[in-house]
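Undergrad: With the input below, show me the fold.
(2 chains)
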2 protein chains.
Amino acid sequence: MTRPPILIELTRGNLVESVHAGHAAICDSSGSVIEGWGDPVTVIYPRSSCKMMQALPLVESGAADAAGLTDAQLALACASHEGAALHADAVRAWLARQGQGEDDLLCGTEMPRDRDLREALIRAGEAPCQVHNNCSGKHAGFLTLTRHLKAGPDYVALDHPVQKAVRSSFEEVTGLESPGYGIDGCSAPNFATTVAGLATAMARFAAAGTGSGARDAAMARLTGAMIAHPDLVAGQGRACTELMRAAGGAAAVKTGAEAVFVAILPRQKLGVALKIVDGGTRAAEAAIAALLVHLGVLAADDPAVLRRVDAPIMNRAGLQVGQVRRAAGFP
Amino acid sequence: MTRPPILIELTRGNLVESVHAGHAAICDSSGSVIEGWGDPVTVIYPRSSCKMMQALPLVESGAADAAGLTDAQLALACASHEGAALHADAVRAWLARQGQGEDDLLCGTEMPRDRDLREALIRAGEAPCQVHNNCSGKHAGFLTLTRHLKAGPDYVALDHPVQKAVRSSFEEVTGLESPGYGIDGCSAPNFATTVAGLATAMARFAAAGTGSGARDAAMARLTGAMIAHPDLVAGQGRACTELMRAAGGAAAVKTGAEAVFVAILPRQKLGVALKIVDGGTRAAEAAIAALLVHLGVLAADDPAVLRRVDAPIMNRAGLQVGQVRRAAGFP
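TA: Model prediction:
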């Protein structure tokens, strides 16, 4: 991995205390890098930032329509949600409607990130279950496609028809053969690509909706579903939700573990992807906010921006002790 | 800040997914850098890694003896503790014995990191208080010194006798004038120094105990207190506690926020300091474990080491998906 520039830095007192380096690319749908930082051909795992690509086979196969999936359900298929009641209940209902249940999921259990629900579980002495896993919507989508394809239950296996379809869609939309895969936190394969490949894929989602064919329609529908349901894609206070709300339809944004962030900009027909090489989420959130301001999608003084970049660092007594800010040379 | 080498990397599948760069130095008590990575004169905030230096005035002034402080209390003064019952109760008792209470602390409240106590508070519907703050032992020490000096209650002010004494001790032991300070999470000033200055200070703690004078005795006593009470310095499952237990008296180790780690090696009379530039704690823990193995203090196959470096990354379903490992060129 090439040593990329520092994009985000944290100050305390008069010193820079910590720095985050990363790669970022803004691409159009032809795959051209319009603007870049670091090395756009660095290979990364998109992790959850590619959930809209993992949901493509669900939609373009006709499985989503056959199951009568709503835009809310498609937003959940693209989500890394908080495991709040609105997410968990919706996934339970989705599974129940197709005669399935939490036991059919293969994502593993996760304590809900939503504080209210987490504390309610603790007070009730209850353990979290698989619907609370932030990926449970993606997995519900995998199950819907599995049923549609009449395939076997191990839908996260690399040679399962669902994952073969995901890989195929992923490589076509990124425009690159994937050089490898890793197993994600939720046990699904996660296909590697370049930062520019990921940004190009996002630009193709951004440009979709005026062409023809199932792929074009599926990309436009998934982008629209994310933009229509920012609360389902993440949750209260989360970067994806707040930045999408602030963008007012001008961007669908999605985070991935280990500090990946992408944005689909339908009005500009551009895509953005970035990876902070140390996996620091705080810096990925700051960098995507800065790039959305740079691209004119968000106002620099929007509260959703100012909570993430050019943002005060407060200590436990509520004193400002430093700042999260753009490094020199990063917009 | 000079761009330092990558010390720790995380793999997933066949790829390196994330990397952590850092500066590290092994010094002797004369200030010589015995071995280094990155730039040893990089200026950093030690954060909580310098708590044993912040406790020096408490001991060398005679305040600790006058108040009858035990080694357990001195270990708490050097601690970033979990806020578990054993820590919180001990701090409450310490304050009560000197006629003070939680309200005299200025560290701010913090939800205890200890899971049992945190969940007990949630179940009881109780809010955490200042004794749960991981720095409450350090602040209890500041209060003891404040009483001894008959100084005013704002013991975290830069011009308060306690902080003036801390700065003076800090600069003498690091051998460097501090180029600046930041306000820490607990509102105390945190004086900047170089990585080598911090390692040199740790070497001076390591070499203490055979000389004369209050400074020498105070350094030896604080190191001994940390080594005698690894459970009080951090808590169950935490890196400081586990690594000190595994070292069996050969090292006192201490973490600081934003990925600082130090070690005092009394048998070798050496000091270690490191800073991961992105603030990633996982990498600081891996790097200090690797250096303690490199220095012969810990066995490479010690479970406390293998939980932090050359360690499997498990996903939510319990599958191994990658590894935290040393980068090429780092021991």
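Undergrad: List the buried residues of the helix or strand of chain A with the lowest mean pLDDT.
TA: Of the helices and strands making up chain A, the lowest-confidence element is helix A:115-124, at a mean of 88, by mean pLDDT, DSSP states H and E. Within helix A:115-124, the residues that qualify as buried are A:117-119, A:121-122, counting by 16 or more other C-beta atoms under 10 Å in any protein chain shown. Heads up, the C-betas are built off the backbone N, CA and C, glycines and all.
Undergrad: What helix or strand is A:Leu7 located in?
TA: Assigned by DSSP states H and E, A:Leu7 falls within strand A:6-12.
Undergrad: That strand vs chain B: in contact?
TA: Yes. Using C-beta under 8 Å from any C-beta of the partner chain, strand A:6-12 reaches chain B at A:10, A:12.
Undergrad: Pull up the pairing partners for that strand, direction included.
TA: With DSSP bridges as the test, strand A:6-12 is paired with strand A:15-28 (antiparallel), strand A:320-326 (antiparallel).
Undergrad: List the pairing partners of the next helix or strand after the first one within its sheet, with orientation.
TA: Right, the one you point to is strand A:15-28. Per DSSP H and E, the first helix or strand lying C-terminal to strand A:15-28 is strand A:33-37. Strand A:33-37 pairs in its sheet with strand A:15-28 (antiparallel), by DSSP bridges.
Undergrad: model confidence over the partner strand, on average?
TA: When pLDDT is averaged over strand A:15-28, the result is 98.
Undergrad: repeat for stretch A:285-297
TA: Mean pLDDT, stretch A:285-297: 98.
Undergrad: Off-centre distance for that stretch?
TA: Remark: stretch A:285-297 is offset 15 Å from the chain centroid, using C-alpha atoms, centre = their mean, to the nearest Å.
Undergrad: ok, residues contacting the least confident helix or strand of chain A?
TA: With C-beta atoms under 8 Å, 6 or more residues apart in numbering or on different chains as the test, helix A:115-124 has contacts from A:82-85, A:88, A:111-112, A:127-128, A:132, B:119, B:122-123.
Undergrad: That one relative to helix B:115-124, how many degrees between them?
TA: Counting by axes from the mean of the first three to the mean of the last three C-alpha atoms, to 10 degrees, helix A:115-124 points 90 degrees away from the direction of helix B:115-124.
Undergrad: next SSE after helix A:115-124?
TA: helix A:136-148.
Undergrad: which other residues reach the helix or strand following that next one?
TA: Per DSSP H and E, helix A:136-148 leads on to helix A:161-174 as the next helix or strand towards the C-terminus. Contacts to helix A:161-174, defined as C-beta under 8 Å, 6+ apart, come from residues A:50, A:53-54, A:56-57, A:60-61, A:142, A:145-146, A:149, A:151, A:155-157, A:177-178, A:181, A:188-189, A:191, A:193-194, A:197-198, A:200-201, A:204-205, A:215, A:219.
Undergrad: OK, now which residue of the stretch 151-300 of chain A is nearest to chain B?
TA: Per C-beta to the nearest C-beta, A:Gly182 is where the stretch 151-300 of chain A lies closest to chain B, at 3.3 Å.
Undergrad: Pull the number of nearby residues for that residue.
TA: 20 (other C-beta atoms under 10 Å in any protein chain shown).
Undergrad: and it, backbone torsions?
TA: Main-chain torsions, A:Gly182, degrees, to the nearest 10: phi -120, psi 170.
Undergrad: pretty sure it contacts B:Gln323?
TA: No. Using C-beta atoms under 8 Å as the test, A:Gly182 is too far from B:Gln323 to be in contact (11.4 Å).
Undergrad: CA-only coordinates of the least confident helix or strand of chain A, as CSV, when you get a sec.
TA: This file holds the C-alpha atoms of helix A:115-124, laid out as CSV (Å, rounded to 0.1, in the frame of the first residue of the first chain):
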residue,chain,number,x,y,z
ARG,A,115,-28.2,3.2,23.0
ASP,A,116,-31.8,3.0,24.0
LEU,A,117,-32.3,-0.5,22.8
ARG,A,118,-28.9,-1.6,24.1
GLU,A,119,-29.8,-0.4,27.6
ALA,A,120,-33.3,-1.8,27.4
LEU,A,121,-31.8,-5.2,26.6
ILE,A,122,-29.4,-4.9,29.6
ARG,A,123,-32.2,-3.9,31.9
ALA,A,124,-34.3,-6.8,30.7
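Undergrad: Check the offset of that helix from the chain's centre.
TA: Centre-to-centre, helix A:115-124 and its host chain are 25 Å apart (C-alpha atoms, centre = their mean).
Undergrad: Likewise for stretch A:316-323?
TA: With C-alpha atoms, centre = their mean, you get 30 Å for stretch A:316-323.
Undergrad: The closest residue in space to A:Pro4 that isn't next to it in sequence and B:Ala247: what is the separation?
TA: Spatial nearest neighbour of A:Pro4, excluding adjacent residues (C-beta to C-beta, 6 or more residues apart in numbering or on different chains): A:Gly38 at 3.0 Å. A:Gly38 sits 39 Å away from B:Ala247, going by C-beta to C-beta, to the nearest Å.
Undergrad: count of neighbours near A:Gln268?
TA: 19.
Undergrad: Would you agree it is in contact with A:Leu295?
TA: Yes. At 6.8 Å, A:Gln268 and A:Leu295 qualify as touching, with contact defined as C-beta under 8 Å.
Undergrad: Point out the residues in the stretch 1-150 of chain A that sit beside chain B.
TA: By C-beta under 8 Å from any C-beta, the residues of the stretch 1-150 of chain A that approach chain B are A:1, A:3, A:10, A:12-21, A:43-45, A:106-110, A:119, A:122-123, A:133.
Undergrad: Just the buried ones from the residues you listed?
TA: Buried, going by 16+ other C-beta under 10 Å: A:1, A:10, A:12-13, A:15-21, A:43-45, A:106-110, A:119, A:122, A:133, out of the residues of the stretch 1-150 of chain A next to chain B.
Undergrad: how about the helices in the stretch 151-300 of chain A?
TA: A:161-174, A:195-207, A:214-228, A:230-233, A:239-247, A:281-294 (DSSP state H, counting those that start in this stretch).
Undergrad: among the ones you listed, which is the most enclosed?
TA: The highest mean neighbour count among the helices of the stretch 151-300 of chain A belongs to helix A:195-207 (a mean of 29), with neighbours defined as mean count of other C-beta atoms under 10 Å in any protein chain shown.
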